[in-house]
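A.B. asks: I would like the atomic coordinates for the input below:
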Amino acid sequence: MSFSQAVSGLNAASAGLDSIGNNIANSATNGFKGATTSFADMFAGSGVGLGVNVAAVTQNFKDGSITRTDRPTDVAISGNGFFRVQDANGDIYYSRDGQFIRDKSGNLVNNQGMIVTGYPASVDNKGNVAIQSGGVPEALNIPTDMMDAKASDMAKLTINLNSEDNPKTFDPDNPDIPGSYNFSTTMTAFDSQGNTHEISVYFVKTDDNKWTAYAKDANDKKAVKLGDMTFDGNGRLSTPADAKFPFDYKGLNGANNGTLQVDLNNTRQQKVSESSVSAIDVNGYPAGEYTNFKIEDNGLIVANYSNQQKRVVGQVALSAFANPNGLVSQGGNVWASSNASGNPINGVPGVGQFGNLTSGALESSNVDMSQELINMIVMQRNYQSNAQTIKTQDQMLQTMVNLR
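C.D. replies: Next comes the predicted model:
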């Protein structure tokens, strides 16, 4: 019986060394979770144990350290959850390795070519983006279509007018005659096809505390009147109550005509050295080509375009399990669900039980190299001790054989 006990001990120690060796080998593997071999004794009715066997190989799902990579497509999970990926056959797996790229078809994939799943984004007629979460996550695809131009329809100006200026006589038919206006500034707007419109806004003082604003598209010869403005004794705009004036501009090269609401509510009149502009904010943008994308901390996938605009194209989903230790390792940094793990619960990062993401970073292996080396020494001693038991039993049998 001692031989079988010792042999079981050798096998158990060997299995333990296998786990330790695998942990050490994957100490630099992104998202790797170390494993520990657990043992159980084998007992006989005679009261003498039959040795030991491997009860389970248990994975340690504690977080690994977060390592910055500064790659915009890398993302690390802190806390509960797994990335949900799909292979070419449509089978679903789960991973903690967030090193993603965009393949030639536009799919977001991991290093094994599995497609990352999540929730797509939809865009309505007004350009508003909505994430279609709540259903079954879908394969995420990052389109490279050109972003259409958006026509400008709102311009907000913050103007500081000099109260010491003298009144002027402005000729809308010849707006650029020097000295015919007190102050002017230029802003850039875009029509429905992204053509540029340089629009000049003129401010003409007509009397104390009274000014008139005009505007002219560089493609036109004449200026049009926006409206009159009156300031109170403190230099604050008193009339109109809402100084938003419409300015119509003609589309170029077949583009639609547009109307720009020029907001002058932040205009003030004070004694200053000269009139000035503090801020100009015009919406709209020209058409843009796709350049690259980034995964944000909340899992949103944001595509960047050459016109300096951004668009959300989807959101990475996370999956959680009642018993992560029930997941079955498949190699390639992925696990498969099982009856022991329970059904996956899908959601988005940072909501409910799901952990947070760190963009531009990866989760390192959670293997503690120092502890693994200590475990190796202990397991080696166990192996040697069981081998010594076999040697001792052999010596005892040899002694019995030599009895005459």
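A.B. asks: Give me the residue at the spatial middle of this structure.
C.D. replies: Closest to where the C-alpha atoms of the chain average out (Cα atoms, centre = their mean) is E296, at 1.8 Å.
A.B. asks: how near is it to Q86?
C.D. replies: Look at E296 and Q86: by Cβ to Cβ, to the nearest Å, they are 22 Å apart. Every residue, glycine included, has its C-beta placed from N, CA and C.
A.B. asks: Also N174?
C.D. replies: Between N174 and Q86 the computed distance is 67 Å (Cβ to Cβ).
A.B. asks: Neighbour count for the two, which is higher?
C.D. replies: Q86 (19 against 11; other Cβ atoms under 10 Å).
A.B. asks: contacting residues for that one?
C.D. replies: I92, Y93, M114, I115, T117, A139 (Cβ atoms under 8 Å, 6 or more residues apart in numbering).
A.B. asks: Wait, a helix at the second one?
C.D. replies: Just to be clear, that refers to Y93. No: when DSSP: H, G, I helix; E, B strand; the rest coil is applied, Y93 is found to be strand, with no helix at that position.
A.B. asks: Return the residues in contact with it.
C.D. replies: By Cβ under 8 Å, 6+ apart, the contact list for Y93 reads R84, V85, Q86, D87, M114, Q330, V334, W335, A336.
A.B. asks: Can you tell me which of those has the most neighbours?
C.D. replies: Within the contacts of Y93, most neighbours by other Cβ under 10 Å means V85, with 26 neighbours.
A.B. asks: For that one, name its beta-bridge partners.
C.D. replies: Y93, V116 (DSSP bridges).
A.B. asks: That one is in contact with R96, isn't it?
C.D. replies: No: V85 sits out of contact with R96 when judged by Cβ atoms under 8 Å, with a separation of 11.0 Å.
A.B. asks: Next up, the contacts around N253.
C.D. replies: Counting by Cβ under 8 Å, 6+ apart, N253 has contacts Q193, N195.
A.B. asks: before we move on, what about D97?
C.D. replies: Contacts for D97 were tallied using Cβ under 8 Å, 6+ apart; they are T29, N30, G31, F83, N110, N111, N333, L362, E363.
A.B. asks: So how do I select the buried members of the residues you listed in PyMOL?
C.D. replies: In PyMOL, the members of the contacts of D97 classed as buried (16 or more other Cβ atoms under 10 Å) are selected with the following command:
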select buried, resi 30+31+83+110+333+362+363
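A.B. asks: what does the domain assignment say about this structure?
C.D. replies: By the record's domain assignment, the chain is partitioned as 2-62+365-401, 66-147+289-363, 154-282 (automatic domain parsing).
A.B. asks: Can I get those domains in TSV including mean pLDDT?
C.D. replies: Compiled in TSV, these are given as follows (pLDDT from 0 to 100):
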stretch	mean pLDDT
domain 2-62+365-401	83
domain 66-147+289-363	92
domain 154-282	95
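A.B. asks: Distance-wise, check S365 relative to S319.
C.D. replies: When distance is defined by Cβ to Cβ, S365 is 21 Å away from S319.
A.B. asks: Looking at these two, which is more packed in?
C.D. replies: When neighbours are counted by other Cβ under 10 Å, S365 and S319 differ, and S319 comes out ahead with 23 against 20.
A.B. asks: could you say which helix or strand contains the more buried one?
C.D. replies: Taking DSSP states H and E as the criterion, S319 maps to strand 318-320.
A.B. asks: ok, now which ones touch V277?
C.D. replies: Each residue near V277 by Cβ under 8 Å, 6+ apart is listed here: L157, T158, I159, N160, T185.
A.B. asks: Confirm for me that the first one is in contact with V201.
C.D. replies: Yes: with contact defined as Cβ under 8 Å, L157 reaches V201; the gap is 6.7 Å.
A.B. asks: Now do the shared contacts for those two.
C.D. replies: Residues touching both L157 and V201 comprise T185, M187, V262, with contact defined as Cβ under 8 Å, 6+ apart.
A.B. asks: Could you give the bridge partners of the first one?
C.D. replies: When assigned by DSSP bridges, T185 has beta-bridge partners V201.
A.B. asks: And the helix or strand containing F247, what's buried?
C.D. replies: Using DSSP H and E, the secondary-structure element containing F247 is strand 244-249. Buried residues in strand 244-249, counting neighbours by 16+ other Cβ under 10 Å, are found at F245, F247, Y249.
A.B. asks: What of stretch 51-61?
C.D. replies: Along stretch 51-61, these residues count as buried under the neighbour rule (16+ other Cβ under 10 Å): G51, V52, V54, V57, Q59, F61.
A.B. asks: out of those residues, which are inside strands?
C.D. replies: When the buried residues of stretch 51-61 are checked against strands using DSSP state E, the ones located there are G51, V52, V54, V57, Q59.
A.B. asks: Turn those into CSV, columns for distance to V302.
C.D. replies: Formatted as CSV, these follow (distance: Cβ to Cβ, whole Å):
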residue, distance to V302
G51, 59
V52, 54
V54, 47
V57, 40
Q59, 33
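A.B. asks: Which two of these have the greatest separation?
C.D. replies: By the measure Cβ to Cβ, these have their two most distant members at G51 and Q59, which lie 25.4 Å apart.
A.B. asks: Pick out whichever of L157 and V201 has more residues nearby.
C.D. replies: More neighbours surround V201 than the other of L157 and V201, with 25 against 22 (other Cβ under 10 Å).
A.B. asks: And that one, how far from I66?
C.D. replies: V201 sits at a distance of 50 Å from I66 (criterion: Cβ to Cβ).
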